[in-house]
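Colleague: Requesting a structural model of the entry that follows:
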Amino acid sequence: MIPNHPVNYAQMVLDNSTDAIVLMGTNYSVLAFNQNLEETIQAYSGKILKIGDDYRNFVTTSDKEVFFDLFQTAVRGESVTIERLASLNQISIWYEYKMTPTYDKDKNLLGVCLRAKNIDAKKKMEIALSENEEKFRNLIESAPNAILIVDSKGKIIHCNLETENTFGYPKEELINQTVELLVPFQHRGGHDRMIEGYFQSPKPMRIGKDQVTTALKKDRTEILVEVSLNSFVVNQTSYVSAIIVDITEKVLAERKIKKQIHELKEIARIQSHEIRSPLSNILGLVNLLESGMPEETTKEIYSHLKKSATDLDTFICDIVKRTAISLSQ
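Modeller: Residues are numbered from 1 along each chain as shown. As a prediction, this is how the structure comes out:
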C-alpha cells in the first residue's frame, strides 16, 4: 500500500540512530536534527530545538570554546572527533563528539554535521580499568622482589624496578624479550614446551622450594632463585606472573651453617672419644701412684703421666682451634 503522504525516509533513519545528530549551516543555523538530540537537549536544559535556531544558544557555557574550535575545523573541510565530559544540572555524562563537513550534491559546503554519542558506560569502564591498572603497576613497583609478567609466548610484557636490581638489566631491555634470557643455557632446552604446558594447565606453583634452581644475570653470573608462578586473565588474554626471589645468600648461609654443624659434631666426637683415652691414662696412673709404688716405678709412672697430659693438652688445643675456624667461616 502506498502512503497518502510523502515519507521522509532520511528523517526516519536519523530518528532511529542512537546518536544525537544535528546538521548546521555555516552560520550555525539548525538545518536538521533527529529525535535523540531533541530529547537530549530538552532533558538537559528544558529548551525546545527548532529548525532555523542558532545552535550556539543550546551549547553550555563550558563547552562553547571547544564547540567553536571544532566547528571551525569542520568548516575548513576536516573531520574531528573528541571525547568530553558534559555537565549540566549536576548531571555528568561522557560523550564522543564528531564534527564533519557536509556537502550538497554539487560538492558545495552545506554546513557541519555534529554527532554526539553517549559513551558514558564505556568511558567510565576505561577509567576504572586504567585506575586499576595504575594501582596494579604501583603494587608491582613497590614489591621487594623481582616480578615479571609474561604472555603465552613467553615474552616479558612488564617487569618492576627490583627486576633491574636482581638481574642487572634495565627494564627497557627486558620488555618484549623472551623469559629464556634469564634462564641458564643448560636449562633452556624444552623451556618453550614448559611454558606452553603451564598455560594449558595453569595453577599456583613454586619452583626452587625443595630443589635449588638458578637464573642468569646480565653479566652471565648465575644466582640461586625461588620462583612463584600464578596465572591470570585480562581481556580474555592469559598471562603469568613470576615472583622471583634471589636466595643465593640464604642458601650459602644455610650451607655454611650445615658445614659448621658438621664440624661441631666432629669436634664433639673427638671430645667424647679421643680425649677419653689420655684422660683414662692419667686417671689410671694417678691411682697407681696412690697405691704406693717403688721409687723407680714412680719415676716411670710420672713420665707416662706427663706424656698423657701433653697428649690431652694437644687435643684440647686442636679442638679450640677447629672450633674458632668453623665459627669464623
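
Colleague: Run a quick neighbour tally on Leu264.
Modeller: Residues lying near Leu264 (other C-beta atoms under 10 Å) number 14. Just so you know, the C-beta spots here come from the backbone N, C-alpha and C atoms, and that holds for glycine as well.

Colleague: quick thing: my sequence starts at 16, can you match it?
Modeller: Happy to do that; since the first residue is 16 now, the last one works out to Leu279.

Colleague: and it, what helix or strand is that in?
Modeller: Assigned by DSSP states H and E, Leu279 belongs to helix 263-287.

Colleague: helices or strands next to that helix in the packing?
Modeller: Packing partners of helix 263-287 (3 or more C-beta pairs under 8 Å, 6 or more residues apart in numbering; DSSP states H and E): strand 237-249, helix 310-343.

Colleague: So what are the sheet partners of the first one and their directions?
Modeller: Right, strand 237-249. Next to strand 237-249 in the sheet, as set by DSSP bridges, lie strand 220-222 (antiparallel), strand 228-231 (antiparallel), strand 252-261 (antiparallel).

Colleague: what's near enough to touch the residue sitting nearest the centre point of the chain?
Modeller: Against the mean C-alpha coordinate of the chain, by C-alpha atoms, centre = their mean, the closest residue is Ile155 at 4.5 Å. Contact partners of Ile155, counting by C-beta atoms under 8 Å, 6 or more residues apart in numbering, are 162, 164, 173, 175.

Colleague: ok, the last one touching Leu154?
Modeller: Spelled out, it's Asn175. No: counting by C-beta atoms under 8 Å, Asn175 does not reach Leu154; the two are 9.3 Å apart.

Colleague: Give me the more crowded residue out of the two.
Modeller: Neighbours were counted for Asn175 and for Leu154 using other C-beta under 10 Å; Asn175 has more, 22 against 11.

Colleague: so what's Lys138 closest to, chain neighbours aside?
Modeller: Once flanking residues are discounted, Lys138 sits nearest to Trp109: 3.8 Å by C-beta to C-beta, 6 or more residues apart in numbering.

Colleague: Can I take it that that neighbour is in a strand?
Modeller: Yes: assigned with DSSP: H, G, I helix; E, B strand; the rest coil, Trp109 falls within a strand.

Colleague: if we can go back for a sec, just checking, which of the helices and strands packed on helix 263-287 comes out with the lowest mean pLDDT?
Modeller: Mean pLDDT is lowest for helix 310-343 out of the helices and strands packed on helix 263-287, coming in at a mean of 72.

Colleague: what's the angle from that helix to helix 263-287?
Modeller: Interaxial angle of helix 310-343 relative to helix 263-287 (axes from the mean of the first three to the mean of the last three C-alpha atoms, to 10 degrees): 170 degrees.

Colleague: buried ones in helix 310-343?
Modeller: Residues 316, 320, 323, 326-327, 330, 334, 341 are the ones in helix 310-343 that count as buried (16 or more other C-beta atoms under 10 Å).

Colleague: Output the below-cut-off pLDDT ranges for the stretch 166-315 of the chain.
Modeller: The model of the stretch 166-315 of the chain has pLDDT under 70 over residues 223-226, 282, 285-292, 303-305, 307-311.

Colleague: about what we covered before: export the helices and strands packed on helix 263-287 to CSV and append columns for distance to Met209.
Modeller: Compiled in CSV, those are given as follows (distance: least, C-beta to C-beta, whole Å):
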stretch, distance to Met209
strand 237-249, 11
helix 310-343, 41
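
Colleague: wait, which of these is closest to His277?
Modeller: Judged by C-beta to C-beta, the one of the helices and strands packed on helix 263-287 that comes nearest to His277 is helix 310-343, at 8.9 Å.

Colleague: what is Val37 paired to in the beta sheet?
Modeller: Phe48, Leu129.

Colleague: hang on, the earlier thing: now the two most distant members of the contacts of Ile155.
Modeller: Ile164 and Asn175 (9.2 Å).

Colleague: ok, back up a step: Throw the buried residues of helix 310-343 into a markdown table and include distance to Thr193, thanks.
Modeller: Below are those laid out as a markdown table (distance: C-beta to C-beta, whole Å):
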| residue | distance to Thr193 |
| --- | --- |
| Ile316 | 80 |
| Leu320 | 76 |
| Ser323 | 70 |
| Asp326 | 65 |
| Leu327 | 65 |
| Phe330 | 60 |
| Ile334 | 55 |
| Ser341 | 45 |
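
Colleague: Return the closest of the residues you listed with respect to Val90.
Modeller: Ser341 (89.2 Å).
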